[in-house]
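Engineer: what would the 3D arrangement of this be:
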Amino acid sequence: MTSTTPEEIAMTTAVETPVENHAFEADVSRLLHLMVHSIYSDKDVFLRELISNAADACEKLRYEAIAAPELLGGDPSSRIRLSLDEENLGFVLEDNGIGMSRDDMIEALGTIARSGTRAFMEMVEAAKGKDGAQLIGQFGIGFYSAFMVADRVDVVSRRAGSNEAWMWSSDGKGAYTIASVPLEQAPARGTRITLALMEDAKSYASRWTVERIVKEQSGHVPVPIEIVEKPGEEPKQIADGSALWTKSKNDITTEEYTDFYRGLSGQFDEPAVTVHFRAEGRHEYTGLAFVPSAQPFDLFDPDRKGRIKLYVKRVFITDDADLLPRYLRFVRGLVDTSDLPLNVSREMIQQSPILAAIRKGLTSRILTSLEKLADSDNDAFVKVWEAFGTVLKEGIYEDYERRAQLMALSRFKSTASGDGYRSLADYVKDMKEGQTAIYYLAGGNLAQLAASPHIEGFRARGVEVLLLTDPVDSFWVTNAPDFDGKSFKSVSQGTADLADIKKTDGDTQPKPETSQLVSDFIAFARTTLGEALSDVRASDRLTESAVCLVAPEHGPDRQLEKILQAGGRLDAAAKPVLEINPDHALITALAGTAGKDGAFQTDAVQLLLDQARILDGDKPEDPRAFSDRLSRVLERALKS
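Structural biologist: Got it, this is the predicted structure:
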């Protein structure tokens, strides 16, 4: 695969054969401007496109050689070679594929001229937002991306089995030429593309730049890729033409999967779950996805997207295809499909309905693999849950179709979990007689939730309460109607509804009625605190604490209300309910002071409200007034 400069070829062809001049039938400059600025988002894409075309040429030869083995001659192995000349801004890409005849060149490289700029651009405009975006591939403009980096492009090609070679040349500004060239100045078969790089594209003559792009975008095309760093040097292979995901799972070791994952993700942990499959049927594609074992540093970045790469026929298209829902944004991997055109742009490929089908299939495979891990190795699944459970629960809120599946996967801390986790299936299985709801308490701190007065009555009856500490918990519990027919109910909202559930101590006696003194004290508190609260009532959820605050029956619970207020999504909070434990020693003692010191009782009920606020994780509404009241009550206690 020796190389001859275009200038040397031009000098020879000028003597031996006339040069054919062809004018583009359309305003090429306008078309190229559309392509560069509207279709492709970066210049690196030219290399992907040229390698893609070269790989296609090698594949075409391979298929034709099945019926005509003589086309391979004495060179049966396909290859692509990149030759660089950094000093002279030279870039040459050569393949030993099927090659092109004169007519092939006009057909393949003159597509723009044949189609007409106006018709092409009208079709591209009409295709926006529709499946018609695939027209870009049909018009074959990928080759012309070379003009984003080159002032001139020369193509020398010889079709396999032919005794003629031809050169196509253009500066991309309105015309191209075609001329015959001597066989000794052309590849034995295949195509050689020479780019005269622009000054601002000189980095593409650097081995470091080219090798990086090849490995990132085209390292898995089915043809080995070689590079010649400087003129006269020996070629070195930078891609072996094999792709891990095309191999059978039985032929891939755990170490190979791990190495591939680390190269793909840039992380150094080992994958917790590897999902490798081939989908067949209406859409055919291969998926290789990894669930990490450690959180990426930007997991909770609100702008973070998924990290699934998209390949078409083993050619890299984009690394941010919308192939997974946001709640699986920690998954790393790739999808390779042959159902999409190679030349369609990164931006417009996102609009293809094929991707919607792939997205659905890939998501289902990953969730199914997590289910299998949960069933087969609970300890391993718990580690995944501890790393990514917070993100997975976003799916309960966002993904109605898979809500039940995600809820079944979820694990929780609860009043019955101890050092482990509980599933919702575990919770429902152990529900008490007379219990009709799944109870939960949401907040920001596990220890604080476990000590909350809201769960005292539930603990006394052995009723499990989920302790939810992630902000997303406050949203999905209101969005998920039920699990296994059981609705979700916050223990910090509304009435406790514990009357039908027996206590664990075996006490079956009905709760005695509240004494008149305590009832009068509650009524006094209701009158005194009326402006700050929606109600003051006796509590059946409190067994140890004197008071607690709960949210009204309708509207957000206490934690969701705080989140909405902090985010500016709630103008005014609903007035809470103060529940008073009528059996608490402090309450009965305070009730006994009725009619003796009205000022003291007023201070007492105000302090009870502030005590409830503190237990709820808030501060007293008026710290100075709280301090003054506390001082007066302490002085009275010391005098008595």
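
Engineer: could you check the pLDDT of Gly434?
Structural biologist: On the pLDDT scale, Gly434 is placed at 88.

Engineer: could we number from 12 for the rest of this?
Structural biologist: Will do, 12 is the new start, and the previous item becomes Gly445.

Engineer: ok, it touching Asp508?
Structural biologist: No: assessed by Cβ atoms under 8 Å, Gly445 is found out of contact with Asp508, at 9.5 Å. All C-beta spots, glycine's among them, are computed from the backbone N, C-alpha and C.

Engineer: of these two, which one has the most company?
Structural biologist: Legend: neighbour count by other Cβ atoms under 10 Å for Gly445 and Asp508, higher for Asp508 (16 against 13).

Engineer: quick one: that one from Ala585, how far?
Structural biologist: According to Cβ to Cβ, to the nearest Å, Asp508 and Ala585 sit 20 Å apart.

Engineer: residue ranges for the strands of the stretch 512-651 of the chain, please.
Structural biologist: With strands called from DSSP state E, counting those that start in this stretch, the stretch 512-651 of the chain shows them at 546-549, 558-561, 588-591.

Engineer: need the ones you listed in a markdown table with mean neighbour count, distance to Arg325 and mean pLDDT, can you?
Structural biologist: Output for the strands of the stretch 512-651 of the chain, formatted as a markdown table (neighbours: other Cβ atoms under 10 Å; distance: least, Cβ to Cβ, whole Å; pLDDT from 0 to 100):
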| stretch | mean neighbour count | distance to Arg325 | mean pLDDT |
| --- | --- | --- | --- |
| strand 546-549 | 18 | 67 | 95 |
| strand 558-561 | 24 | 60 | 96 |
| strand 588-591 | 25 | 64 | 96 |
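
Engineer: quick check: Ala453 touching Asp568?
Structural biologist: Yes: with contact defined as Cβ under 8 Å, Ala453 reaches Asp568; the gap is 6.6 Å.

Engineer: quick one: which of those two has more around it?
Structural biologist: Applying other Cβ under 10 Å to Ala453 and Asp568 shows that Ala453 carries more neighbours, namely 25 against 22.

Engineer: how about that one: what's its closest non-neighbour residue?
Structural biologist: In space, and not counting its chain neighbours, Ala453 is closest to Gln570: 3.8 Å by Cβ to Cβ, 6 or more residues apart in numbering.

Engineer: isn't the one you found right up against Asn456?
Structural biologist: No: using Cβ under 8 Å, Gln570 makes no contact with Asn456, being 11.1 Å away.

Engineer: hey, C-alpha coordinates of stretch 65-83 in PDB?
Structural biologist: C-alpha atoms of stretch 65-83 as PDB (Å, rounded to 0.1, in the frame of the first residue of the first chain):
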ATOM      1  CA  ALA A  65     -13.500   2.300   4.300                       C
ATOM      2  CA  ALA A  66     -14.800  -0.400   6.600                       C
ATOM      3  CA  ASP A  67     -17.900  -0.700   4.400                       C
ATOM      4  CA  ALA A  68     -15.700  -1.000   1.300                       C
ATOM      5  CA  CYS A  69     -13.800  -3.900   3.000                       C
ATOM      6  CA  GLU A  70     -17.100  -5.600   4.000                       C
ATOM      7  CA  LYS A  71     -18.500  -5.300   0.500                       C
ATOM      8  CA  LEU A  72     -15.300  -7.000  -0.900                       C
ATOM      9  CA  ARG A  73     -15.600  -9.700   1.700                       C
ATOM     10  CA  TYR A  74     -19.200 -10.500   0.600                       C
ATOM     11  CA  GLU A  75     -18.400 -10.300  -3.100                       C
ATOM     12  CA  ALA A  76     -15.400 -12.500  -2.600                       C
ATOM     13  CA  ILE A  77     -17.600 -15.300  -1.400                       C
ATOM     14  CA  ALA A  78     -18.800 -15.700  -5.000                       C
ATOM     15  CA  ALA A  79     -15.600 -14.500  -6.600                       C
ATOM     16  CA  PRO A  80     -12.600 -15.400  -4.400                       C
ATOM     17  CA  GLU A  81     -10.200 -14.200  -7.100                       C
ATOM     18  CA  LEU A  82     -11.100 -10.600  -6.100                       C
ATOM     19  CA  LEU A  83      -8.900 -11.000  -3.000                       C
END
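
Engineer: and it, what's buried?
Structural biologist: 65-70, 72-73, 76, 82-83 (16 or more other Cβ atoms under 10 Å).

Engineer: show residues contacting it.
Structural biologist: By Cβ atoms under 8 Å, 6 or more residues apart in numbering, the residues outside stretch 65-83 that reach it are 87, 89-91, 104-110, 171-172, 200-202, 229, 232-234, 324-326, 353.

Engineer: just the buried residues of those.
Structural biologist: Among the contacts of stretch 65-83, those classed as buried by 16+ other Cβ under 10 Å are 89-91, 104-110, 171-172, 200-202, 229, 232-234, 324-326, 353.

Engineer: ranges for the helices of the stretch 362-511 of the chain?
Structural biologist: With DSSP state H, counting those that start in this stretch as the criterion, the stretch 362-511 of the chain has helices at 364-387, 389-409, 414-420, 435-440, 457-461, 467-471, 484-490.

Engineer: so which of the contacts of stretch 65-83 belong to strands?
Structural biologist: Judged by DSSP state E, those include 91, 104-106, 201-202, 326 as members of strands.

Engineer: in JSON lines: those residues, plus pLDDT and distance to Leu310.
Structural biologist: As requested, these are arranged in JSON lines below (pLDDT from 0 to 100; distance: Cβ to Cβ, whole Å):
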{"residue": "Ile91", "pLDDT": "97", "distance to Leu310": "38"}
{"residue": "Leu104", "pLDDT": "98", "distance to Leu310": "39"}
{"residue": "Glu105", "pLDDT": "98", "distance to Leu310": "44"}
{"residue": "Asp106", "pLDDT": "97", "distance to Leu310": "42"}
{"residue": "Gly201", "pLDDT": "97", "distance to Leu310": "46"}
{"residue": "Thr202", "pLDDT": "97", "distance to Leu310": "45"}
{"residue": "Val326", "pLDDT": "77", "distance to Leu310": "30"}
